[in-house]
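Student: Task: produce atomic coordinates for the following.
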Amino acid sequence: MQNIEIKRRAVWLTGGSLMAALLAAGPALGTEAANPGSDSSELLLNLFIEKGYVSQAEADKIKAEAEKRKAELDQYKAEAQALKTETEALQAQVVTLQSQSVASQTNLLPEISRSTSGSALGKMTFFGDVRLRYEDRAVEDPAGNKMDFQRSRYALRFGVRGDLPDDFNFGFRLETAANPRSPWVTLGTSSSASGPYQGPFGKSTDGINVGQIYLGWHPQDWVDLELGKLPNPLYTTPLIWDSDLNPEGAAEHFKYTVGEADLFATLGQFFYGDFNPSSASAGLGVNGLLGQNTQNIFMFAWQGGVNYHIGPDTSAKIAATLYNYMGLERSSVNSGTSSAPYFGDPYVGEGASYYYGGPGRGYASGYGGYSPGTQFNLPGYGSESYPFNQVGLNDLLVVDVPFEVNFKLAKNVAARVFGDFAYNLDGAQRAQAAASAYSYVLSQQIQQGIGIANSFAAQTHDVKAYQFGFGFGSTNFVSGPMQGVVYGTSDRKHAWEFRTYWQHIEQYALDPNLIDSDFFEGRENMQGIYAAFAYCFTANVYATVRYGYASRINNLLGTGGSNQDIPQMNPINSYNLLQLDLGVRF
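Tutor: Residues are numbered from 1 along each chain as shown. Coordinates of the predicted model:
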């Protein structure tokens, strides 16, 4: 009897342990037969009882033990899921912090390193992108005259960044097209540049140019110094700067953290125009045979701001920037001073409607009078390729305040509200100079019988500009005023973004040579709406749709600016732009 009992106990321990293990492991294995309470597990227990391996009480005990182990397994699963959720939240916070830290570099490619190679000089990063675009750009003047450009285009950018010993670094970027505000080349416009005509598909407009080349020094954690042709070092928006522009000169960036506030300051000293030789005697072939005595033009930027972290997913950022210029001179043949393209002469911003009026000539209200290679011949009122100055920097002392608030809209959706406000402190003087210059130039043409009097009162209140908008998208990319999927600077797989804003730029508010050449045509006295959506199909391939519509603000004035896309029309009464992009980043 004792041996029988021992055997029975052994069988019970073995069978019971096996049964308990099967019942507990069943949910993890996905087997219904081992789930407590299922028909198959009940049959198995009944079989053990009938064979005498276990009693009813022992079977109940096994079931209780299995239930306990299943509950423990469910708890482990719940803890694992909670840990996964917490990890995803931390990853999203890291992306948000990266976005907030990209305050000082607005013209970047890309957000992370692609290919790298080590050397004695340090790590080097190769980066770039290839973009294809269909574009429909249409304008209309006050009389209903229209122009429409439907273009297929491409752009290439390729660069290298690297570290050097003793906290130095370097970078350069090559890109297509010579236009500083656009790397885009239009398909079908190239032909054989010289010699006998050789047919279509030429290469005369397919050049490669240096877009960036600079050296940097990072002597301390709180300071960065840069010199060369730079990625834009300022925290700014397309209201003030076209995102393709790379200022030339020097920049100093300082940062310091106090609690939840990241303080920063950026100073910029940029070479705006080089007109060397600064002096030359007459008869040496400079400025014809007149010689010259002139100065180079410099632009200065003084910026300070703060990025405040309100919570793990919420932050607010604001900065104030002052822009001023040095070295401006009015053109004067008599004094031997020449400074084409006449940045020092008074900005007017009007078209050629009345300048080219007169007997037998007629005029179109949207006629810009653009004539490549020509220049105005009135000393002190110079303009290159335009009858009225479109590029002058006189009386520009601009205060600019960009800002943004970033927050979570949903678990996997980030949102931002952003804007920019700018005011020209010398705008009233700029407006008066424009009205006076316009009247004087017309009076000179009237004396020659080719002008029509059409003076206007100085519009001294047209001195401000602003932009307000919002955007939202996935949480797995870096976003900023000129960064994000819609700008082609982020390409995480399945990342997406929608962005829209309203923009208003008055005629005497800003530097007309810097504002966005696409939205809206690089012109002042224009206001309108911009909207864009972008999606990343893979970690490298993305598509973007952009649309903008704008109209003239003050009907007494032209739409000043010198953009190369549609220089033939001024004023522009309405403007439409549709862009469809497909890009690959590497």
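
Student: Isn't residue 122 up against residue 161?
Tutor: No - Residue 122 is beyond contact range of residue 161, at 10.4 Å (criterion: C-beta atoms under 8 Å). Backbone N, C-alpha and C define where each C-beta goes, glycine included.

Student: Which of these two has more residues huddled nearby?
Tutor: residue 161 (21 against 13; other C-beta atoms under 10 Å).

Student: Which positions are bridged to the closest residue to that one other than its chain neighbours in the beta structure?
Tutor: Nearest non-adjacent residue to residue 161, counting by C-beta to C-beta, 6 or more residues apart in numbering: residue 171, 4.1 Å away. Per DSSP bridges, the residues bridged to residue 171 are residue 161, residue 214.

Student: residue contacts, residue 171?
Tutor: By C-beta atoms under 8 Å, 6 or more residues apart in numbering, the contact set of residue 171 is 159, 160, 161, 162, 212, 213, 214, 216, 231.

Student: go with 10 Å
Tutor: Residues in contact with residue 171 (C-beta atoms under 10 Å, 6 or more residues apart in numbering) are 124-125, 127, 159-162, 212-216, 226, 228-231.

Student: if I look at residue 122 and residue 161, which residues touch both of them?
Tutor: By C-beta under 10 Å, 6+ apart, residue 122 and residue 161 have these common neighbours: 169, 170.

Student: Break down the stretch 151-300 of the chain into its strands, ranges please.
Tutor: 168-176, 185-186, 208-220, 223-229, 248-258, 261-273, 279-280, 292-293, 297-311 (DSSP state E, counting those that start in this stretch).

Student: Show the average pLDDT along the fourth one.
Tutor: Looking back up the chat, that one is strand 223-229. For strand 223-229, mean pLDDT is 98.

Student: how about that strand: buried residues?
Tutor: 224, 225, 226, 228, 229 (16 or more other C-beta atoms under 10 Å).

Student: Return the residues in contact with the third one.
Tutor: Taking C-beta under 10 Å, 6+ apart, we find residue 226 in contact with 104-105, 169, 171, 214-218, 233, 249-253, 268.

Student: Of these, just the buried ones, PyMOL syntax please.
Tutor: Selection command for PyMOL covering only the buried members of the contacts of residue 226, criterion 16+ other C-beta under 10 Å:
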select buried, resi 104+105+169+171+214+216+218+233+249+250+251+253+268
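
Student: what's the lowest-pLDDT member of the contacts of residue 226?
Tutor: residue 104 (44).

Student: mind checking how far the nearest residue to residue 567 once chain neighbours are set aside is from residue 299?
Tutor: Ranked by C-beta to C-beta, 6+ apart and with sequence neighbours excluded, the top spatial neighbour of residue 567 is residue 370, at 4.0 Å. Distance of residue 370 to residue 299, computed by C-beta to C-beta, to the nearest Å: 25 Å.

Student: between the two, who's got more neighbours?
Tutor: Using other C-beta under 10 Å as the criterion, residue 370 and residue 299 rank with residue 299 on top: 23 against 19.

Student: who's that one bridged to?
Tutor: residue 270, residue 325.

Student: quick one: contacts for the residue nearest to residue 169 when sequence neighbours are not counted?
Tutor: Using C-beta to C-beta, 6+ apart and skipping the chain neighbours, the partner closest in space to residue 169 is residue 216 (4.4 Å). Listed by C-beta under 10 Å, 6+ apart, the contact set of residue 216 reads 161, 163-164, 167-171, 224-228, 230, 251, 253.

Student: quick check, nearest of the residues you listed to residue 142?
Tutor: Nearest to residue 142 out of these is residue 230 (C-beta to C-beta; 40.4 Å).

Student: Now residue 579: closest residue in space, sequence neighbours ignored.
Tutor: residue 546 (4.3 Å).

Student: residue ranges of the helices in the protein, please?
Tutor: 2-29, 39-50, 56-101, 427-447 (DSSP state H).

Student: Domains in this structure, by residue range?
Tutor: Recorded structural domains for the chain (assignment: automatic domain parsing) are 2-98, 102-585.

Student: Just give me the lowest mean pLDDT stretch among the ones you listed.
Tutor: Among the domains of the chain, domain 2-98 has the lowest mean pLDDT, at a mean of 62.

Student: Just give me the residue right at the centre of this structure.
Tutor: When C-alpha atoms, centre = their mean is applied to the chain, the residue found nearest the centroid is residue 482 (2.2 Å).

Student: Wait, that residue touches residue 404, no?
Tutor: No - using C-beta atoms under 10 Å, residue 482 is not in contact with residue 404; the gap is 11.6 Å.

Student: Now the common contact residues for these two.
Tutor: In the contact map built from C-beta under 10 Å, 6+ apart, the residues linked to both residue 482 and residue 404 are 235, 237.

Student: Distance check, the residue nearest to residue 169 against residue 480.
Tutor: 20 Å.

Student: Residue 325 too?
Tutor: Residue 325 sits 27 Å away from residue 480, going by C-beta to C-beta.

Student: tell me the contacts of residue 561?
Tutor: Counted by C-beta under 10 Å, 6+ apart, residue 561 has contacts 349, 390-391, 505, 507, 510, 512-513, 515, 517, 520-526, 567, 570, 572.

Student: ok, back up a step: who has more neighbours, residue 325 and residue 480?
Tutor: Neighbours were counted for residue 325 and for residue 480 using other C-beta under 10 Å; residue 480 has more, 26 against 21.
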